[in-house]
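>>> 3D, please:
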Amino acid sequence: MTSQNIIFVSTMFGSPWGGSEELWSRAALDLAAQGFRVSASVIKWSPLHPRVRYLQARGVELWSRPLQYSLSKYPAHWLASWNRETAEYALARLIAARPPALVVLSSGSAFPPIELLELCVARRVPFITIGQANRERDWCCDDLAERYRVALAAALRCFFVSQANLLLAEKQFGTKFTNAEVVWNPVNVALDASPPWAHLGIGGELRFACVGRLHPPSKGQDILLEALATPEWKARPWRLYLYGDGPMRQVIQLLASSLGLSKHVEFAGFAAVEDIWAANHVLVMPSRFEGLPLAMVEAMLCARPVVATDVAGHSDILEDGVTGFLADAPTVRAMGIALERFWKRRDEAEAIGRAGEGRIRAIMPPDPVRTFSEKLKGLVGLT
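The predicted structure follows:
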């Protein structure tokens, strides 16, 4: 009889929660609600993120692990995991304690650490990978690339959240993934959301929203600020609202001030998706790399146009000049050109947003979580 145990392993370690955690965590909840025994290995942040506590409250067995085991606090674990990732050691313990029908390895990057894949191969445990963001610079040396090629070929599926990142990974590893598939992340807004188009502010002020972690190395807020710091843009009626938080908020504030943009830029913190788009007109996404950002899908569902860099999955869903505007590269010059193209057609902004809404509703599954859960069950014959 097939085991009914399913193990999820999150390898995100940069922050307590992020968009990369939505798919695996909601699938874990869905499967637990269906009666499967679900375990999850996550980093033990202090305090635990509310979404992690919610998993636990809804029947997901939580196995939290530190970033590193302390020799003084956990001498046995420290010795047993010496020279190993804590995630590898935690997964080995989980497999022994809860022999699984399937292990789901979720990564905020394109692939989880190779040691986790090789552990599943060695233990002959069925596994899949979920890859979120990918970067042009993320190449492996030959020996590590070969290990990945072998291990990934043993996965039941290698899931990616954008076709562009799948193609990039095939280039990076010099192979075609015959077991790869593209899936959708769930969003944080009702699929029938319809916030009214916001009236322009005083003097016809246009309101841009940049939604995401305040982290220029990935989200590129510096690119956007520099592109908007020209004399032409400073003379125009617009305001930029930066939604979210992150480890580089103060640096971004100082940059905005040094560029003379303080009166144009506001740090708005966290807000509900529909509230953001009831107050703003255009999403700007100056990312240096991505998976397929929830913020873009949500903005399009809310019928707002998008100006974004042409990285990762942005071009999978955004048609340049029709549903938004793509910058050729994550550079100040390219972003500036894309913003200027939008500005010249700003009177069409609402219509462009409606075109984006039609496109995203035509290609996005109505329930990405249940669709993904059913894929997982089908891979190992669970009912």
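
>>> relative to H264, how far out is P66?
42 Å (C-beta to C-beta, to the nearest Å). C-beta: built from backbone N, CA, C; applies to glycine.

>>> looking at those two, which one has more neighbours?
H264 (20 against 15; other C-beta atoms under 10 Å).

>>> I'd assumed R239 was in contact with the more buried one.
Yes. Using C-beta atoms under 8 Å, H264 makes contact with R239 at a distance of 5.7 Å.

>>> any stretches of the stretch 51-200 of the chain with poor pLDDT?
The stretch 51-200 of the chain contains residues with pLDDT under 70 at 67-85.

>>> what about the strands in it?
Remark: strands assigned in the stretch 51-200 of the chain by DSSP state E, counting those that start in this stretch are 61-65, 102-107, 127-131, 157-160, 180-182.

>>> now those in TSV, with mean neighbour count?
Shown next, in TSV, are the strands of the stretch 51-200 of the chain (neighbours: other C-beta atoms under 10 Å):
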stretch	mean neighbour count
strand 61-65	18
strand 102-107	25
strand 127-131	25
strand 157-160	23
strand 180-182	15
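
>>> between those, which one is nearest to L94?
Set against L94 and scored by C-beta to C-beta, these come closest in strand 61-65, at 5.7 Å.

>>> give me the contacts around the closest one.
37-44, 48, 52, 55-56, 86-87, 89-90, 93-94, 98 (C-beta atoms under 8 Å, 6 or more residues apart in numbering).

>>> buried ones from those residues, can you make that a ChimeraX selection?
The buried residues among those can be selected in ChimeraX (16 or more other C-beta atoms under 10 Å) with this line:
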select :37,38,39,40,41,42,43,48,52,55,86,87,89,90,93,94,98
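
>>> let's see which of the contacts of strand 61-65 end up in helices.
V52, L55, Q56, T86, A87, Y89, A90, R93, L94 (DSSP state H).

>>> which of those lies closest to L301?
Checking the ones in helices among the contacts of strand 61-65 against L301 by C-beta to C-beta gives L55 as the nearest, at 25.3 Å.

>>> tell me the contacts of the closest one?
L55 is in contact with S25, A28, L29, A40, L62, counting by C-beta under 8 Å, 6+ apart.

>>> can you classify the first one by secondary structure?
Recorded secondary structure, S25: helix (DSSP: H, G, I helix; E, B strand; the rest coil).

>>> that one contacts R53, correct?
No. Using C-beta under 8 Å, S25 makes no contact with R53, being 11.6 Å away.

>>> more neighbours: which of these two?
Of the pair S25 and R53, S25 is the one with more neighbours under other C-beta under 10 Å, namely 23 against 12.

>>> any idea how far E146 is from the more buried one?
Taking C-beta to C-beta, one finds S25 at 32 Å from E146.

>>> V251 now?
From V251 over to E146 the distance is 39 Å, taken as C-beta to C-beta.

>>> from M335, how far off is L255?
From L255 over to M335 the distance is 15 Å, taken as C-beta to C-beta.

>>> which one's more surrounded, those two?
M335 (27 against 18).

>>> can you give me the pLDDT of that one?
Looking at M335, its pLDDT reads 98.

>>> which residues touch it?
M335 sits next to G220, I223, L224, A227, P286, V307, T309, A327 when contact means C-beta under 8 Å, 6+ apart.

>>> what is the nearest of those to V161?
So of those, ranked by how close each gets to V161 (C-beta to C-beta), first place is T309, at 16.8 Å.

>>> who's the closest one bridged to?
Here T309 sits in beta bridges with A327, as judged by DSSP bridges.

>>> okay, now it: neighbour count?
T309 has 26 nearby residues by other C-beta under 10 Å.

>>> again, but for the one 5 residues further on
H314 has 23 neighbours, counted by other C-beta under 10 Å.
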